[in-house]
Structures are given as C-alpha cells and as structure tokens.
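Colleague: With the sequence up front, the predicted model follows.
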Amino acid sequence: MIRIGKIVATHGLAGAVIMTHVAGNGTWLKKGHTLMVEMQKGSFIPFFVAQCKAATPAEYHLNLEDLNTQLEAKRLVTKHVYVDESLLAGLARQSPLLWIGFTVNDAHYGNIGEIKDVMQTGAQWIGKVMYNNNEALIPLVDATIKAIDIKARILKTTLPEGLLELYQ
C-alpha cells in the first residue's frame, strides 16, 4: 500500500469527508475504489468510495459507504489514507511524493536507503535519504531515474558518479 493523503475535514452533515492527496491530478479516484484509512498506527480499515468529486487537483470530496453522519465522519479527520499500488501504477512517474518509503537502488552505489522525504526546488524534485548515517539529497529527475517498481517499492537510479562521496 502507498500513503496518498489524509482526511482533513468533514463536509456537510451527511458524513462526507475532504481528503487531500499527493497522487497526481484529481482524476484517478473512482466510485467503488477502496481506501485504507489508518485508524491507529499499523491498523487499517477499508472504506469504499460511494461518490467522489475532485474539488481541486489535490483535494477530493468523498462519500464513503457506511459513513452516514457528520459524527461518524469526524472519526476519520487527521487519519492517513492508503491505496493499493496497482491503483496508482500510471501515476508513479508524475508524483515523486508517492515515492516516500521507497528504497533507492542505484546502478553504481547499490542499495542507498529509503526515501524519507521529498521536496521540490524549482522544476526539480530532491529526495532525502539516510546514507552512511548522513542525510543525503539525491536528484529525482528523468536523467537519474531508470525504473520505478511500485509493487516492490523500489526506485532504480543511475546517480552521477561522485555524488554520494560527499556523504561519506
């Protein structure tokens, strides 16, 4: 599963919620899809989308099955939302925010570590990885990314030679 967003508020009185997400534009989620909501650390509850509307490219208004009152919806506010990797297979290249938690495997350096965070600097994305007990910043651009394995949560790269020597 991949964390894609968070329930940020209720919407109306009939149990609808507002979910922000980092998964590309607002067209990937459909009626019938399953959202896994992390109610407690490591404890996921499935919710089925009964109705969804993209309010902005990064926000959905959702009606979830069996969620009928504002009080029931309030239980979900601040909870993280996950989806199955297969649902986002086509969006993986578009949104580096989905790569948080992926392992970086480089052609020159081998297994570098897990992406702890990503940030955008102008037109380029940068990934933060713990490498040799140091926080390393690696470019997440088309020139360095060779493949993305969503199921295995691996980002295959070819980083510029000498880049990680800065962190030794």
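Modeller: Happy to help now that I have it.
Colleague: Kindly state the pLDDT recorded for residue 37?
Modeller: According to the prediction, residue 37 has pLDDT 94.
Colleague: how does the protein divide into domains?
Modeller: Per automatic domain parsing, the structural domains of the chain span 2-89, 96-167.
Colleague: now those in CSV, with mean neighbour count?
Modeller: C-beta here means a position set from N, CA and C on the backbone, and glycine is covered the same way. Formatted as CSV, the domains of the chain follow (neighbours: other C-beta atoms under 10 Å):
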stretch, mean neighbour count
domain 2-89, 16
domain 96-167, 15
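Colleague: for this structure, longest strand please?
Modeller: In the chain, assigned by DSSP state E, the strand with the most residues is strand 43-56.
Colleague: In this structure, where is pLDDT below threshold?
Modeller: Residue ranges of the chain with pLDDT under 70: 24-26, 88-94, 168.
Colleague: Show me where it has its strands.
Modeller: Along the chain, the segments classed as strands by DSSP E run 2-11, 16-21, 34-40, 43-56, 59-64, 80-83, 103-106, 110-121, 124-131, 134-140, 145-149, 154-157.
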